[in-house]
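Undergrad: build me a structure from this.
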Amino acid sequence: MNVFVFDMETVPDVEAGRRLYGNHSQMANLSDEEVIHVMYHYHGYPDNGQDHPRLRPHLQKIVAIAAVLRSGERLRMDSLGTLTATETEIIQQFFKSIQHYTPTLVSWDGYRSDLPVLHYRALLHGINAQRYWDIHQEFRFNNYTHRYHDRHTDLMDVIAGYQPNAGVNLEEMSRFLELPSQSNLSSNQIEALYLQGRLEDIRAYCEINALNTYLIFLRFELMRGHLGPVAYELECHRLQELLTGENKPHLQSFSATWLAKAG
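TA: Numbering: from 1, shown residues only. From the prediction side, this is the model:
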């Protein structure tokens, strides 16, 4: 079975904001940050600070998707697309991976947060996602879009028993399970990093979230008996070997912290 564990980061789509809100000529003279203020204000948020919810899915621009792919004996992890990739290219690579591997998608709060954004943004950019939307024949009773099918396993949703008040955010869950957390950064800061042009930091944050989601998935597989204790340890060791070969500082730090906590 192929498993594709992913996380993604979004920011307000300022170009959509310029098209949709206010006088176009006036909006054209505003900075990106000012347009974002207008977008939040239009949706009833007093400021674009730390405490408001995200904008509606169609107004979120995808700036990073990170994934851990387990395919056969291979284990890979990376951000989709290059540092200069457009949103279209990032989303195309996401759906091409589904087309090629037909994996089990695994996310944390992906059903509520990530997939609606992907749907709207793929629609905006005219991206082919045929395998993802297939609900016929072999996909009839197990497809990507049905909440209670496991072809997309939203770990938060499943572990919370589909109860809206029982969900836990990924940062807290990572700390709860003593996985390497990112206490110095949160999803609310992604927008500020983007405005500062710090896309590498966003991709690093997204990659660590994908790794933690994968580790939670392995725990989930152990809990429901799909992995025995020995197989679980082997999968963890396989990931540790992968991280040992990485030269990215945030992945080296993740690996060292994970080993220290495990010890």
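Undergrad: okay, CA-based contacts and neighbour counts for the rest of this
TA: OK.
Undergrad: for this protein, name the helix or strand with the lowest mean pLDDT.
TA: Using mean pLDDT, DSSP states H and E, helix 24-28 stands out as the lowest-scoring helix or strand of the chain, at a mean of 72.
Undergrad: and the next helix or strand past that helix?
TA: Per DSSP states H and E, the first helix or strand lying C-terminal to helix 24-28 is helix 32-42.
Undergrad: for stretch 126-139, measure first residue to last.
TA: End-to-end span of stretch 126-139 (Cα to Cα, to the nearest Å): 23 Å.
Undergrad: and if you look at stretch 66-82?
TA: End residues of stretch 66-82 are separated by 11 Å (Cα to Cα).
Undergrad: give the buried residues for that stretch.
TA: Buried residues in stretch 66-82, counted by 16 or more other Cα atoms under 10 Å: 66-70, 77-81.
Undergrad: among those residues, which one sits closest to Gly225?
TA: Closest approach to Gly225 among the buried residues of stretch 66-82 (Cα to Cα): Arg70, at 18.3 Å.
Undergrad: show residues contacting stretch 11-31.
TA: Outside stretch 11-31, the residues within contact range by Cα atoms under 8 Å, 6 or more residues apart in numbering are 32, 35-36, 38-39, 42, 55, 59-63, 190-191, 194.
Undergrad: need the distance between the two termini of it.
TA: Across its full length, stretch 11-31 reaches 15 Å between end residues, using Cα to Cα.
Undergrad: I'd like the distance from that stretch to the chain centre, please.
TA: Relative to the mean C-alpha coordinate of its chain, stretch 11-31 is positioned 26 Å out (Cα atoms, centre = their mean, to the nearest Å).
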